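Asker: give me a 3D structure for the following:
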Amino acid sequence: MKWLRWAKFPLAIFAGFAVIAVLLVSYMLLLTYPNLPSIDSLADYRPKVPLRIYTADGVQIGEFGEERRAVVRIGEVPELMKQAILAAEDERFYEHQGVDYVGVIRAAYSNLVTGDKRQGASTITMQVARNFFLSTEKTWTRKLNEALLAFKIERGLSKEQIFELYINQIYLGQRAYGFAAAARTYYGKSLAQLTVAEAATLAGIPKAPSTLNPSVNPKRSKERQLYVLRRMHELRFITDTQYAQAQKESIEVRRGVDDFAPHGQYVAEIVRQMLYEQHPEDVYTRGYRVYTTLSSKDQEAAYHALRKGVLEYDRRHGYRGPEAYVELPNKASDEQIDDVLQDYPDSEELKSAVVLEATPKRVKAQHRGGVINIGGDGLRFAQSMLADKAPPNRRIRRGAMIRVVEDGKTGWTITQGFRPCMLRCDRTGTPRRPACASLRWPKRPQRSRGLAQTGRTGCPR
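Answerer: Residues are numbered from 1 along each chain as shown. This next block holds a predicted model:
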């Protein structure tokens, strides 16, 4: 047939180009593979574990380090957490040899149909390769090295070893590295204590730690969590009942992730200074654990007794007025108000709130739990600063930062502004001393290389 004779020529050209392409790729692989980094460091994994300080009865009172870490063995990770990670990141992890070709084809098809390049196909092994050896730049060279390193890692380590490295090394926002550290950071729990919804939330963070972590963006974190839950349900990792219940569970994360109970931060700081003088090179990375002679029960009793006495003394001297004023747009969004409240942390039962509207008979304010209305007996203590004759620099008005406390009888009540003494860091990582009235701070600590340490976790520089 004539058409067959005409078809032979373009087919021969196409086959020739295909052979040349294969030869070029093979040549590139032969040149690149021997120059890949050694994976010996993965077998001898030594993460930077922070210094932790405890009471005599084993309660943690301080932590100092560049990174929050809590290393766990793969056998200690609950099956639920493993399943959530697999559903979110790499459902065929135990089937492929480093690169998931099905995932690559699916991602390519999705990107072609939608017209964007958001869909990726990185496996858990590829992410381990990137986190340990490569940069995050989006280039073809980096992707090629990532794939080749994934093959090399799969040949040198078992699946369980690779999964353990991923679980301990991946960054999950808020300076938390690894899922055990993230569980403590966001929920104050161990991995074994997490609910289905909490495990799905953590599993969804690695895709974009800065925007999907529940502390920074609860809305986007919830959307990602629902996707992970749906994938867990489709893969039969959770039942219909678990799926329905987890979907309804609200995201509630810890506020003040550096807080410890009992309140022994000054003792912890003294210990940190002493240990830094003895081990300046590795005090924040070797995972030292120091047990003090402090009793957690005695320390808590002393703390609460002193706190109660100071608050009662302060209240007897009358209301001083708001602790600060902020500029609020006419229609401030919840995100803008959340940003304001970040600089005014709650102090246990004393919640910080920003005033939205204020009259002598009613104050409308917003705290981290939502909008509240205060009236009647709830205004009595602060009534003098609601009057027209109140000094302008002490009057309760829109933009005033106040403290409120919830009372079972009267609802919300305005109480004395009591800003807790706690470390805050500026943009350069330098610690700022808060205005703590008559309270004395410990001796100014020395600075170690790359870290300015004051307070419970220190300021990364």
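Asker: return the per-residue confidence for residue 260.
Answerer: The model reports residue 260 with a pLDDT of 72.
Asker: again, but for the one 5 residues further on
Answerer: Reading off the confidence values, residue 265 has pLDDT 87.
Asker: you'd agree it is up against residue 62?
Answerer: Yes: using C-beta atoms under 8 Å as the test, residue 265 is close enough to residue 62 to be in contact (6.2 Å). C-beta here means a position set from N, CA and C on the backbone, and glycine is covered the same way.
Asker: these two: who's more crowded?
Answerer: residue 62 (25 against 20; other C-beta atoms under 10 Å).
Asker: hang on, that one in a helix?
Answerer: No: using DSSP: H, G, I helix; E, B strand; the rest coil, the secondary structure at residue 62 is strand, not a helix.
Asker: all strands for the stretch 151-300 of the chain, in order.
Answerer: Listed in chain order, the strands of the stretch 151-300 of the chain (DSSP state E, counting those that start in this stretch) span 176-177, 289-291.
Asker: my bad, the stretch 1-150 of the chain
Answerer: Secondary structure of the stretch 1-150 of the chain (DSSP E, counting those that start in this stretch): strands located at 51-54, 60-64, 68-69.
Asker: what lines up beside the second one in the sheet?
Answerer: Which is strand 60-64. Applying DSSP bridges, strand 60-64 is found paired with strand 51-54 (antiparallel).
Asker: which residues sit against the strand it pairs with?
Answerer: Contacts with strand 51-54, where a contact means C-beta atoms under 8 Å, 6 or more residues apart in numbering, come from 60-65, 264, 267-268, 271-272, 275, 283-284, 287-292.
Asker: for residue 355, list each beta-bridge partner.
Answerer: Here residue 355 shows beta-bridge partners residue 365, assigned using DSSP bridges.
Asker: buried residues in stretch 319-330?
Answerer: Buried residues in stretch 319-330, counting neighbours by 16 or more other C-beta atoms under 10 Å, are found at 319, 321, 322, 323, 324, 325, 326, 328.
Asker: to the chain's geometric centre, what's the distance from it?
Answerer: The chain centre lies 29 Å from the centre of stretch 319-330; the measure is C-alpha atoms, centre = their mean, to the nearest Å.
Asker: which ones among the buried residues of stretch 319-330 lie within strands?
Answerer: In this view, the buried residues of stretch 319-330 that belong to strands under DSSP state E are 324, 325.
Asker: identify all contacting residues around whatever helix or strand residue 413 lives in.
Answerer: Element membership for residue 413, per DSSP states H and E: strand 411-415. Counting by C-beta under 8 Å, 6+ apart, strand 411-415 makes contact with 315, 319, 350, 363, 372-374, 377-379, 381-382, 396, 402-407, all of which sit outside it.
Asker: may I have it exported as PDB, CA atoms only?
Answerer: Output of strand 411-415 as PDB, limited to C-alpha atoms (Å, rounded to 0.1, in the frame of the first residue of the first chain):
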ATOM      1  CA  GLY A 411     -20.900  36.300  81.900                       C
ATOM      2  CA  TRP A 412     -17.900  38.300  80.700                       C
ATOM      3  CA  THR A 413     -16.300  40.800  83.000                       C
ATOM      4  CA  ILE A 414     -13.600  43.400  82.300                       C
ATOM      5  CA  THR A 415     -10.700  42.900  84.700                       C
END
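Asker: quick one: the helices in the stretch 51-200 of the chain?
Answerer: Ranges of helices in the stretch 51-200 of the chain, per DSSP state H, counting those that start in this stretch, are 79-89, 101-114, 124-133, 140-156, 159-169, 179-187, 196-203.
Asker: of all these, which lies closest to residue 337?
Answerer: Set against residue 337 and scored by C-beta to C-beta, the helices of the stretch 51-200 of the chain come closest in helix 179-187, at 21.2 Å.
Asker: and the closest one, what does it pack against?
Answerer: The elements that helix 179-187 packs onto, with contact taken as 3 or more C-beta pairs under 8 Å, 6 or more residues apart in numbering; DSSP states H and E, are strand 68-69, helix 159-169, strand 176-177, helix 196-203.
Asker: go again using 7 Å as the cut-off
Answerer: Judged by 3 or more C-beta pairs under 7 Å, 6 or more residues apart in numbering; DSSP states H and E, helix 179-187 is in contact with strand 68-69, helix 196-203.
Asker: point out the most buried one among these.
Answerer: Highest mean neighbour count among the helices and strands packed on helix 179-187 (mean count of other C-beta atoms under 10 Å): helix 196-203, with a mean of 27.
Asker: okay, angle between it and helix 79-89 too, please.
Answerer: For helix 196-203 against helix 79-89, the angle by axes from the mean of the first three to the mean of the last three C-alpha atoms, to 10 degrees is 50 degrees.
Asker: once you drop chain neighbours, what's closest to residue 367?
Answerer: Distances taken as C-beta to C-beta, 6 or more residues apart in numbering place residue 353 nearest to residue 367, at 4.0 Å, with adjacent residues excluded.
Asker: secondary structure element for that neighbour?
Answerer: Taking DSSP H and E as the definition, one finds residue 353 inside strand 351-358.
Asker: okay, buried residues for that strand please.
Answerer: Of the residues in strand 351-358, 351, 352, 353, 354, 355, 356, 358 count as buried by neighbour count, 16+ other C-beta under 10 Å.
Asker: which pair in those residues spans the largest distance?
Answerer: Greatest spacing in the buried residues of strand 351-358, by C-beta to C-beta: 351 and 358 (17.1 Å).
Asker: tell me the contacts of the nearest residue to residue 188 once chain neighbours are set aside?
Answerer: Counting by C-beta to C-beta, 6+ apart, residue 254 is the residue found nearest to residue 188 once chain neighbours are left out, at 5.1 Å. Applying C-beta atoms under 7 Å, 6 or more residues apart in numbering, we find residue 254 in contact with 186, 187, 188.
Asker: check the first one and give its pLDDT.
Answerer: What that stands for is residue 186. 91.
Asker: is it true that it touches residue 212?
Answerer: No: when contacts are counted by C-beta atoms under 7 Å, residue 186 is not listed as touching residue 212 (11.8 Å).
Asker: with that, I have no additional questions.
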